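Undergrad: Show me the folded form of this:
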Amino acid sequence: MKLNELILDFTIATTNEEQGILDKMSGVTPIDAFDERDRFIIENLIRKSLVSKVKHNGIIMVLVNEAYK
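TA: Predicted coordinates:
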């Protein structure tokens with residue numbers, strides 16, 4: 001059995017709050033555009049590798065990973 005066959009149905013569990021933020025995020029967004037609670041949830045999504053954090057011109061930006069879309 002190949003590895004690709006094993007991970008076809010691989011899913012990462014998300015809470016309702018996390019899913020709501022993932023649905024709200026579109027494109028590259030500055031993390032400062034979110035309130036404190038949303039930033040905390042985004043940090044959890046970064047740990048789960050569902051969201052990426054990049055630094056551009058000194059501004060921290062977040063975006064949903066391609067694999068999740």
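Undergrad: Now residue 63: closest residue in space, sequence neighbours ignored.
TA: Counting by C-beta to C-beta, 6 or more residues apart in numbering, the nearest residue to residue 63 once its immediate chain neighbours are dropped is residue 28, at 4.7 Å. Yep, even glycine has a C-beta here, placed from its N, CA and C like the rest.
Undergrad: ok, now which ones touch the one you found?
TA: Contacts for residue 28 (C-beta atoms under 8 Å, 6 or more residues apart in numbering) come out as 54, 56, 61, 62, 63.
Undergrad: Off-centre distance for the host helix or strand of the fourth one?
TA: Residue 62 is located in strand 59-64, with elements delineated by DSSP states H and E. For strand 59-64, the distance from its own C-alpha centre to the chain's C-alpha centre is 9 Å (C-alpha atoms, centre = their mean, to the nearest Å).
Undergrad: One more: stretch 14-22?
TA: The answer for stretch 14-22 is 10 Å, by C-alpha atoms, centre = their mean.
Undergrad: Go through it and flag the buried ones.
TA: Using 16 or more other C-beta atoms under 10 Å as the test for burial, stretch 14-22 gives 14, 18, 21, 22.
Undergrad: Touching it from outside, list them.
TA: 34, 38, 41, 42, 44, 45, 48, 50, 51, 64, 68.
Undergrad: Model confidence for the residue positioned nearest the centre of the chain, exactly?
TA: Most central in the chain under C-alpha atoms, centre = their mean is residue 51, positioned 2.2 Å from the mean C-alpha point. With respect to pLDDT, residue 51 has a value of 95.
Undergrad: All set now, cheers.
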